[in-house]
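[1] Could you look at this predicted model? Sequence included:
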Number of protein chains: 2
Amino acid sequence: MTLEMVIMANLTKAKSIAGPVIHAVDPWASGSLAKGARHQILSEEERTKLARVASIVHFDKGEQIYQQGDPAYAAFNIQNGIVTAYRTLAHGEYVTSFLYPGDIFGLSEQGCYSNSTKAATPVVAYRIGLPAMRRILDSNAGLDVEVIIKLCDGLREAQRHALLLAQKRAVTRLTMFLALQEHLQVTIGDATSDIYLPMDRSSIAAYLGLTPAALSRAFRMLDLKKMITCRDRHHVKILNRTAFNKLADPGLFEC
Amino acid sequence: MTLEMVIMANLTKAKSIAGPVIHAVDPWASGSLAKGARHQILSEEERTKLARVASIVHFDKGEQIYQQGDPAYAAFNIQNGIVTAYRTLAHGEYVTSFLYPGDIFGLSEQGCYSNSTKAATPVVAYRIGLPAMRRILDSNAGLDVEVIIKLCDGLREAQRHALLLAQKRAVTRLTMFLALQEHLQVTIGDATSDIYLPMDRSSIAAYLGLTPAALSRAFRMLDLKKMITCRDRHHVKILNRTAFNKLADPGLFEC
DNA sequence: CGCTAACTTGAACGCCATCAATGCTTGTGG
DNA sequence: CCACAAGCATTGATGGCGTTCAAGTTAGCG
């Protein structure tokens, strides 16, 4: 059992109950819920309903799940592993988002997929046919609000991504990215002080709008300045928090 | 009556009916609606309901409407003019979006505004207190779907913005921006073949993640290559459509 | 008509892209 | 278990592009 497996297990614990899991941060969180905490969106009833029409599918690391432009026959709900959503354009590919256990994808399009997706790690997911999905959404008015919450989630993420990409220096983008990843792990409830980066360097580079070479240099720069240390390619630790925050400072999480 | 006024009138015709106007592109558009067409989201009943609790407010060009971090007391619905939404961070300011007549803003936050906004042109807007807004939303389950549509709209825009910012060359970003503006005017129903840019150069630069100097050079470059011509700082015409599309090519509108 | 702010232009520098070569890691088959 | 191969990541050198700072120009507004 590798260290990576331990961390993956941490990232996805509480997934042992059967059926799809969708979580999101409620933007209008009120009452006892910790602000900014992620929680399960679906009721037990809804989950079993979905589980009945869902099938489990596996994808190898690097395997393509669907391609931009394909007719959209199904949506997916990640149970385990990380998925990369990307678009291929004239010069190289552009990563729109990384998807984590509990995320749902393949849904926000009409007719055809507007992104390609591939497994960044080995992936286990629920596959839900769109007709079935639609039937359930239609017959369940109560899901409306949940859909809104999930959309807000996606909106926030897209806005943060844009904010990140508006930064001019590579180290700034990388720092903001690391801050986002750390934030994500905290909201998921992971306790380790390392930041876990499941995806390839080249995918991170594509997400940051950089070339792999530039990304590598940015890592090196942060390392040289003793702001971070890279245990291996998938584990980063922040050494100098104040210097770190000085670079990522914009109220990145106030979107 | 200046030419600018004519175009503004074009941009905002059909606003003569009293009451707030919110429009959006239905991502699941079906039936007779032209795909990608914008249409009014609110029913007459909803509009009058909102109008009763809304007040008309005016803002001068350049005037700040609210500031990032302020407690959110009200949302706004633009009747006339253009609003710039931006965030101020360590190095300069970053424009998240330009808002047009029919757009609503000041809503997507909890407690405090997460953006600053200012009038890019003289602005007339409806101001709707948040308590009243919330009361209406709560008492009207039918609005749920409309909110979803509006959110999808915002999501698409944020994703396009990110796609734009992922481009490395300034001329590419500018070309994509112009394509977006043109697309916007077409969906609004404006017939002129010019692209109208109501906002300042510096705001455009901030939206594109560039300095004003770099933006100016990008304009000049497109002009030199006979791809566009700038009648004045607010009116651009595309001369060479094929060359233009070759730069902006990525399926920008397939989000 | 004059003032002010915004925009444009120029020159120098710095950062990132590009291309190519090396090094590391992972997975495969002997 | 080791050897090898293929892909990914890093490193180096060079050039292009955008930033920066400053000066000159235009446009907008009183």
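    Right, received. Where do you want to start?
[2] Please tell me I have it right and A:Phe76 contacts A:Tyr126.
    Yes: with contacts defined as C-beta atoms under 8 Å, A:Phe76 counts as touching A:Tyr126 at a distance of 6.7 Å. (Each C-beta comes from the backbone N, C-alpha and C, glycine too.)
[3] which residues are common contacts for those two?
    Here A:Phe76 and A:Tyr126 have A:Val57 as joint contacts, going by C-beta atoms under 8 Å, 6 or more residues apart in numbering or on different chains.
[4] neighbour-wise, which of these two wins?
    Here A:Phe76 and A:Tyr126 are compared on neighbour count by other C-beta atoms under 10 Å in any protein chain shown; more neighbours surround A:Phe76, at 24 against 21.
[5] Any regions of chain A where pLDDT drops low?
    Applying pLDDT under 70 to chain A picks out residues A:1-18, A:23-37, A:108-109, A:140-144, A:250, A:255.
[6] Using the record's assignment, carve it into domains.
    Following automatic domain parsing, one gets these domains for chain A: A:3-143, A:163-248.
[7] interface residues of the stretch 51-200 of chain A facing DNA strand D?
    A:62, A:168, A:200 (C-beta under 7 Å from any atom of the strand).
[8] Now that we have those residues, which of them are buried?
    Among those, those scoring as buried are A:Asp200 (criterion: 16 or more other C-beta atoms under 10 Å in any protein chain shown).
[9] For A:Phe177, which three-state class applies?
    What DSSP: H, G, I helix; E, B strand; the rest coil gives for A:Phe177 is helix.
[10] hang on, it packs against A:Ile204?
    Yes: under the criterion of C-beta under 8 Å, A:Phe177 makes contact with A:Ile204 at 6.9 Å.
[11] near DNA strand C, which residues of the stretch 1-150 of chain A?
    Counting by C-beta under 7 Å from any atom of the strand, the residues of the stretch 1-150 of chain A close to DNA strand C are A:61, A:91-92.
[12] wait, which of those is closest to B:Pro212?
    If you rank those by distance to B:Pro212 using C-beta to C-beta, A:His91 comes first, at 25.6 Å.
[13] Which helix in chain A has the most residues?
    The single longest helix within chain A, with elements called by DSSP state H, is helix A:143-165.
[14] by how many degrees do that one and helix B:143-165 diverge?
    20 degrees (axes from the mean of the first three to the mean of the last three C-alpha atoms, to 10 degrees).
[15] What is helix A:143-165 packed up against?
    Under the contact criterion of 3 or more C-beta pairs under 8 Å, 6 or more residues apart in numbering or on different chains; DSSP states H and E, the helices and strands touching helix A:143-165 comprise strand A:23-25, strand A:93-99, helix A:130-138, helix A:170-188, helix A:201-208, strand B:93-99, helix B:143-165.
[16] and if we set it to 7 Å?
    Contact partners of helix A:143-165 among helices and strands, from 3 or more C-beta pairs under 7 Å, 6 or more residues apart in numbering or on different chains; DSSP states H and E: strand A:23-25, helix A:170-188, strand B:93-99, helix B:143-165.
[17] I'd like those as a markdown table, with distance to A:Gly106 and mean neighbour count appended.
    Compiled in a markdown table, the helices and strands packed on helix A:143-165 are given as follows (distance: least, C-beta to C-beta, whole Å; neighbours: other C-beta atoms under 10 Å in any protein chain shown):
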| stretch | distance to A:Gly106 | mean neighbour count |
| --- | --- | --- |
| strand A:23-25 | 16 | 20 |
| helix A:170-188 | 21 | 20 |
| strand B:93-99 | 26 | 21 |
| helix B:143-165 | 15 | 21 |
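[18] closest one to B:Thr48 among these?
    Closest approach to B:Thr48 among those is made by helix B:143-165 (14.2 Å; C-beta to C-beta).
[19] what does that closest one contact?
    Judged by C-beta atoms under 7 Å, 6 or more residues apart in numbering or on different chains, the contacts made with helix B:143-165 from elsewhere in the structure are A:94, A:96, A:144-145, A:147-148, A:151-152, A:154-155, A:158-159, A:161-162, A:165-166, A:209, B:22, B:24-27, B:41, B:46, B:97, B:137, B:173, B:176-177, B:180, B:209, B:250, B:252, B:255.
[20] wait, A:Ser97 sits on A:Arg87?
    No: in terms of C-beta atoms under 7 Å, A:Ser97 does not count as a neighbour of A:Arg87; the distance is 10.7 Å.
[21] Now do the longest helix of chain A against strand A:93-99, angle only.
    Computed by the same axes, to 10 degrees, the angle between helix A:143-165 and strand A:93-99 is 130 degrees.
[22] Render the CA-only coordinates of helix A:143-165 in CSV, please.
    Extracted as CSV, the C-alpha positions of helix A:143-165 are listed here (Å, rounded to 0.1, in the frame of the first residue of the first chain):
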residue,chain,number,x,y,z
LEU,A,143,-33.7,18.9,-6.8
ASP,A,144,-34.0,22.4,-8.3
VAL,A,145,-32.3,24.1,-5.4
GLU,A,146,-29.6,21.5,-5.3
VAL,A,147,-28.9,22.1,-9.0
ILE,A,148,-28.6,25.8,-8.3
ILE,A,149,-26.1,25.1,-5.5
LYS,A,150,-24.1,22.9,-7.8
LEU,A,151,-24.2,25.6,-10.5
CYS,A,152,-23.0,28.2,-8.1
ASP,A,153,-20.1,25.9,-7.2
GLY,A,154,-19.1,25.6,-10.9
LEU,A,155,-19.5,29.3,-11.3
ARG,A,156,-17.3,30.1,-8.4
GLU,A,157,-14.7,27.7,-9.7
ALA,A,158,-14.7,29.2,-13.2
GLN,A,159,-14.4,32.7,-11.8
ARG,A,160,-11.4,31.6,-9.7
HIS,A,161,-9.9,30.0,-12.7
ALA,A,162,-10.2,33.3,-14.6
LEU,A,163,-8.8,35.2,-11.7
LEU,A,164,-5.8,32.9,-11.7
LEU,A,165,-5.3,33.2,-15.4
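[23] Determine the number of other residues adjacent to A:Glu44.
    With other C-beta under 10 Å as criterion, A:Glu44 counts 10.
[24] so is the closest residue to A:Asp249 other than its chain neighbours in a helix, a strand, or just coil?
    Across the structure, with C-beta to C-beta, 6 or more residues apart in numbering or on different chains as the measure, the residue nearest A:Asp249 apart from its sequence neighbours is B:Ala90 (5.5 Å). Each residue gets one of three states, and B:Ala90 gets coil by three-state DSSP.
[25] what's the neighbour count on B:Ala90?
    B:Ala90 is flanked by 11 other residues according to other C-beta under 10 Å.
[26] just A:Asn245 next, same as before
    The burial count assigned to A:Asn245 is 12, neighbours taken as other C-beta under 10 Å.
[27] how much space between it and B:Arg47?
    Relative to B:Arg47, A:Asn245 is positioned 46 Å away (criterion: C-beta to C-beta, to the nearest Å).
[28] One more: A:Thr88?
    43 Å.
[29] for chain B, what are the nearby residues on chain A?
    By C-beta under 7 Å from any C-beta of the partner chain, the part of chain A that sits against chain B consists of A:27-28, A:89-90, A:94, A:96, A:110, A:114, A:144-145, A:147-148, A:151-152, A:154-155, A:158-159, A:161-163, A:165-166, A:209, A:249-250, A:254-255.
[30] thinking A:Asn115 is in contact with A:Leu89, fair?
    No: distance between A:Asn115 and A:Leu89: 11.9 Å, which falls outside the contact criterion (C-beta under 7 Å).
[31] Looking at those two, which one has more neighbours?
    In terms of neighbours (other C-beta under 10 Å), A:Asn115 is the more surrounded of A:Asn115 and A:Leu89; the figures are 25 against 16.
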